[in-house]
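Engineer: Requesting a structural model of the entry that follows:
(one chain, ligands or ions: 2)
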Amino acid sequence: MATFFGAIADDFTGATDLAGLLARSGVPVSLRMGVPTEPPQNTAPLEIIALKCRTSPVQEAVQETQAALEWLKAAGAQRFFWKYCSTFDSTAKGNIGPVAENLMATLGVNQTIYCPAFPENGRAIFMGNLFVGEQPLSESPMKDHPLTPMRDSNLTRLLAPQVTKPVGLANRLTVAKGAAALGERLAELAANGVAHVVVDAVANDDLDVIAEACQDMTLLTGGSAVAMPLPELWANQGLLKKSTPSDVPSYDPGPAIVLSGSCSSMTNKQVADFLEKGGPSFRLDPLEIAETGNDKVLNWLASQDSSATPLIYATAAPDAVRAAQDRLDVERAGSLIEDTLAACAQEARDSGYRRFVVAGGETSGAVTKALGVTRLNIGAEIAPGVPWCFASSHNARIAITLKSGNFGNEQFFSKAFEVLEP
Ligand SMILES: Nc1ncnc2c1ncn2[C@@H]1O[C@H](COP(=O)(O)OP(=O)(O)OP(=O)(O)O)[C@@H](O)[C@H]1O
Ligand SMILES: O=C(O)[C@@H](O)C(=O)CO
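Structural biologist: Numbering: from 1, shown residues only. Ligands and ions are numbered 1, 2, ... in the order given. You can find the predicted model right below:
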């Protein structure tokens, strides 16, 4: 089926989040891990390419997203979406703005919007300021993120140094007046040369207004939630078709494992809940791995009785993360953990494990790469923005879910497997 919508996601959990929300529309979604090396074939109306470029240097991220854009254009896409985190994660030399500006230049558009709001997960934007629950972003646990600590809550202020063209705001008072008023505000800003518009949203109704006002824009940017209403709007215009739900993709029987490299406050609670319930677990310490390597955890995994689900985790409180980073530096600490969890995933697959819960965006990138997963089919959502996915990994058919650090509730690790049961 011809592709109409092409999205580029800056990390793997973000991509499955977007896929899960788009799939709610009933329009077929396809998710590719990395830019496919083959030209487009067997494409879906909604195509997503997952990259691992959230913390990449600007030039690298621009090149990778450009390659993804070319593939999506070749697939026939006519509307494009740049998906970043609902907490606007980017480093001081952030690539959200530069990537958007490059996509705009290639697509020949003079304006786009920025809307990371995700009300179902407590992300709201008011007067350009992003909130996580009731806390401003810079006071939320995101201030301590291991790779992208967020120390400012104001999206226009975060974005302005990343782009060359003017940044503006369409605030909630405008959005509350409806799609026509928002359209007028965007036109007014465009007439004044404002290329980058942060749009407020505090509830799903706001996202419906934004989607209605922006459905004809060639490029939109944001979190997953602002894209959620678009397929329905396009289907109503006859631009794409819903399909009868295809068979739920299946996976081979086999034991389950949880791999967690996320240090978000929610993942810390989820790990604590798992430990409290007494499941078998192994804690990874980056300092120890730096000295002695991976053998200890791989041996532990090999010794597990496959009737209980094991958890391997590096998840730690902010102080412990900082201490490891001070000794090893941020990137080395991160990649030691990612490489170890990736090696555990391979070992688990080779020993017959077929159900994988993975926590953390960077971690998910490393794990899916190690498993050789190139395409995911989307299944049932476990929590908003966290669907089960199904994939081939070498000769095995596996079920895998990639959980964004902050998503899901405390019981997520046990609930995930209940949702998978037929
Ligand atoms: N104990 C630790 N010390 C230092 N770094 C760690 C530790 N545990 C995990 N890390 C690293 O922190 C990073 C966590 O990022 P990741 O994207 O996986 O999780 P997240 O940011 O919570 O998830 P998301 O991006 O989905 O919100 C990874 O690079 C991981 O390897
Ligand atoms: O938008 C979000 O919060 C998630 O999809 C994500 O990108 C986490 O990495």
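Engineer: Write out the residues of the protein neighbouring ligand 1.
Structural biologist: Taking C-beta under 6 Å from any ligand atom as the contact definition, the chain meets ligand 1 at 11, 13, 145-147, 261-264, 267, 286, 314, 316, 320-321, 324-325, 333-334, 337-338, 360-363, 404-406. (C-beta placed from N, C-alpha, C; glycine too.)
Engineer: Return only those of the residues you listed found close to ligand 2.
Structural biologist: Okay, of the residues of the chain next to ligand 1 touching ligand 2 (C-beta under 6 Å from any ligand atom), that's 11, 13, 361, 404.
Engineer: got a list of what the first one touches?
Structural biologist: Contact partners of residue 11, counting by C-beta atoms under 8 Å, 6 or more residues apart in numbering, are 50, 51, 52, 53, 54, 85, 361, 362, 364, 365.
Engineer: rerun at 7 Å
Structural biologist: Residue 11 makes contacts with 52, 54, 361, 362, 365, as judged by C-beta atoms under 7 Å, 6 or more residues apart in numbering.
Engineer: tell me the pLDDT at the third one?
Structural biologist: Going back to what we said before, that points to residue 361. Predicted confidence (pLDDT) for residue 361: 91.
Engineer: Pull the number of nearby residues for it.
Structural biologist: 31 (other C-beta atoms under 10 Å).
Engineer: can you list the domains in the protein?
Structural biologist: Domain assignment for the chain by automatic domain parsing gives 5-236, 256-420.
Engineer: would CSV of those domains with distance to residue 242 be doable?
Structural biologist: Shown next, in CSV, are the domains of the chain (distance: least, C-beta to C-beta, whole Å):
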stretch, distance to residue 242
domain 5-236, 4
domain 256-420, 15
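Engineer: Kindly indicate whether residue 102 is helix, strand or coil.
Structural biologist: In the three-state summary, residue 102 is assigned as helix, counting by DSSP: H, G, I helix; E, B strand; the rest coil.
Engineer: tell me which element the closest residue to residue 99 other than its chain neighbours falls in.
Structural biologist: Excluding the flanking residues, the one nearest residue 99 by C-beta to C-beta, 6 or more residues apart in numbering is residue 65, at 4.8 Å. Assigned by DSSP states H and E, residue 65 falls within helix 58-74.
Engineer: other SSEs contacting that helix?
Structural biologist: strand 5-9, strand 46-50, helix 96-107 (3 or more C-beta pairs under 7 Å, 6 or more residues apart in numbering; DSSP states H and E).
Engineer: tell me the angle of the second one relative to helix 58-74?
Structural biologist: In this structure, strand 46-50 runs at an angle of 160 degrees to helix 58-74, with axes from the mean of the first three to the mean of the last three C-alpha atoms, to 10 degrees as the basis.
Engineer: Quick check: which helices or strands does strand 46-50 pack against?
Structural biologist: When contacts are defined as 3+ C-beta pairs under 7 Å, 6+ apart, strand 46-50 packs onto strand 5-9, helix 12-23, strand 29-33, helix 58-74.
Engineer: is it possible to export these to a markdown table including distance to residue 113 and mean neighbour count?
Structural biologist: Formatted as a markdown table, the helices and strands packed on strand 46-50 follow (distance: least, C-beta to C-beta, whole Å; neighbours: other C-beta atoms under 10 Å):
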| stretch | distance to residue 113 | mean neighbour count |
| --- | --- | --- |
| strand 5-9 | 15 | 27 |
| helix 12-23 | 16 | 28 |
| strand 29-33 | 22 | 24 |
| helix 58-74 | 17 | 18 |
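Engineer: Grab the longest helix from this protein for me.
Structural biologist: Longest helix of the chain, by residue count under DSSP state H: helix 330-350.
Engineer: Would you list the phi and psi of residue 79?
Structural biologist: Main-chain dihedrals, residue 79, degrees, to the nearest 10: phi -120, psi 140.
Engineer: who touches it in this structure?
Structural biologist: 4, 5, 218.
Engineer: what pLDDT does it get?
Structural biologist: Residue 79 is given a pLDDT of 98.
Engineer: For it, list each beta-bridge partner.
Structural biologist: The residues listed as beta-bridge partners of residue 79 by DSSP bridges are residue 5.
Engineer: Please report how far it lies from residue 165.
Structural biologist: 21 Å (C-beta to C-beta, to the nearest Å).
Engineer: for the stretch 1-150 of the chain, what are the low-confidence residue spans?
Structural biologist: When residues are selected by pLDDT under 70, those of the stretch 1-150 of the chain lie in 1.
Engineer: ok, the spatially closest residue to residue 277 that is not a sequence neighbour - how many residues close by?
Structural biologist: Nearest residue to residue 277, sequence neighbours excluded (C-beta to C-beta, 6+ apart): residue 414, at 7.0 Å. Residue 414: 16 surrounding residues under other C-beta under 10 Å.
Engineer: And residue 209, by the same measure?
Structural biologist: 24.
Engineer: now swap in residue 180 and tell me
Structural biologist: 11.
Engineer: Next SSE downstream of the longest helix of the chain?
Structural biologist: strand 355-359.
Engineer: From the contact counts, what lies against the next helix or strand after that following strand?
Structural biologist: With elements assigned by DSSP H and E, the helix or strand that comes after strand 355-359 is helix 361-371. Applying 3+ C-beta pairs under 7 Å, 6+ apart, one finds that helix 361-371 contacts helix 12-23, helix 330-350.
Engineer: how does it look with 8 Å?
Structural biologist: helix 12-23, strand 256-260, helix 330-350, strand 355-359, strand 386-393, strand 396-403 (3 or more C-beta pairs under 8 Å, 6 or more residues apart in numbering; DSSP states H and E).
Engineer: so which of the ones you listed gets nearest residue 237?
Structural biologist: Residue 237 lies closest, by C-beta to C-beta, to one member of the helices and strands packed on helix 361-371: helix 12-23, at 16.5 Å.
Engineer: Could you dump the helices and strands packed on helix 58-74 into TSV with distance to ligand 2 added?
Structural biologist: Converted to TSV, the helices and strands packed on helix 58-74 look like this (distance: least, C-beta to the nearest ligand atom, whole Å):
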stretch	distance to ligand 2
strand 5-9	7
strand 46-50	10
helix 96-107	11
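Engineer: From residue 224, how far out is the nearest residue to residue 206 once chain neighbours are set aside?
Structural biologist: The spatial neighbour of residue 206 that comes closest, neighbours along the chain excluded (C-beta to C-beta, 6+ apart), is residue 175 at 5.0 Å. Taking C-beta to C-beta as the measure, residue 175 and residue 224 are separated by 18 Å.
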